[in-house]
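Asks: no sequence on this one, just coordinates:
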């Protein structure tokens with residue numbers, strides 16, 4: 001006998017919650033731990049909503065817990081993984097020199113492992129804080145954060161893909 005769709009989705013959300021809970025238990029990185037707690041709460045709420053037959057609310061709970069809450073908190077508090085700083089530094093470098101790479105990097109902090117177009121996602125921060133990388137207020141942190149622009153590029157690409165594929 002095959003489990004119903006509701007049972008499968010509920011089990012999937014519960015599995016996602018267990019996976020998310022592994023991050024605060026095993027990661028030493030504060031952004032990972034925060035994401036894990038928020039995502040686990042969102043996935044557990046999604047499992048409960050699915051079990052009650054509320055699929056739309058389940059998706060909303062999962063997106064709120066796994067994406068919106070941790071993203072906004074990390075952006076507004078200025079916390080993040082090193083990748084964010086690399087993208088934003090690359091944007092500042094592009095604005096200042098017209099190049100996305102340091103000619104002869106002296107260390108890991110000067111190395112950019114991404115293709116040149118990725119620096120475009122760091123340009124908003126460079127433009128909003130005058131290229132200083134000083135951080136600015138909450139509006140500069142929110143509107144200039146590379147993660148927001150990465151999310152916007154993902155959303156735009158997803159929208160365009162759906163339009164093209166019908």
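Replies: Received, thanks. All of these numbers come straight from a predicted model, not from anything done at the bench.
Asks: Mind jotting down where the helices sit in this protein?
Replies: 5-26, 30-51, 55-63, 69-77, 82-97, 123-128, 138-144, 146-165 (DSSP state H).
Asks: any idea which of those scores lowest on pLDDT?
Replies: Of all the helices of the chain, the minimum mean pLDDT falls on helix 138-144 (a mean of 85).
Asks: returning to that earlier point: out of the helices of the chain, flag the one nearest residue 113.
Replies: Ranking these by proximity to residue 113 (CB to CB) places helix 82-97 first, at 7.2 Å. Heads up, the C-betas are built off the backbone N, CA and C, glycines and all.
Asks: any residues touching the closest one, and which ones?
Replies: If you take CB atoms under 8 Å, 6 or more residues apart in numbering as the criterion, helix 82-97 is touched by 99-102, 112-114, 118-127, 131, 133, 144-147, 150.
Asks: Compute the inter-axis angle for it and helix 69-77.
Replies: Following axes from the mean of the first three to the mean of the last three CA atoms, to 10 degrees, one obtains 50 degrees for the angle between helix 82-97 and helix 69-77.
Asks: how does this protein divide up, domain by domain?
Replies: Annotated domains of the chain cover 5-77, 82-165 [the TED database].
Asks: hang on, the earlier thing: and the contacts of helix 82-97, which are buried?
Replies: Buried by 16 or more other CB atoms under 10 Å: 100-102, 112, 118-126, 131, 144-147, 150, out of these.
Asks: Chain neighbours aside, what residue packs nearest to residue 72?
Replies: Computed as CB to CB, 6 or more residues apart in numbering, the closest residue to residue 72 that is not its neighbour in sequence is residue 142, at 7.9 Å.
Asks: Surely that neighbour is in contact with residue 75?
Replies: Yes. Taking CB atoms under 8 Å as the definition, residue 142 is a contact partner of residue 75 at 5.7 Å.
Asks: who touches both of the two?
Replies: residue 148.
Asks: Got the confidence number for residue 134?
Replies: pLDDT at residue 134 comes out at 62.
Asks: do the same with residue 131
Replies: Confidence for residue 131, expressed as pLDDT, is 59.
Asks: Looks like residue 46 contacts residue 61 (just checking).
Replies: Yes. With contact defined as CB under 8 Å, residue 46 counts as touching residue 61 (4.5 Å).
Asks: Looking at those two, which is more packed in?
Replies: residue 46 (29 against 22; other CB atoms under 10 Å).
Asks: ok, that one - contacts?
Replies: 13, 16, 58-59, 61-62, 65.
Asks: That'll do, ta.
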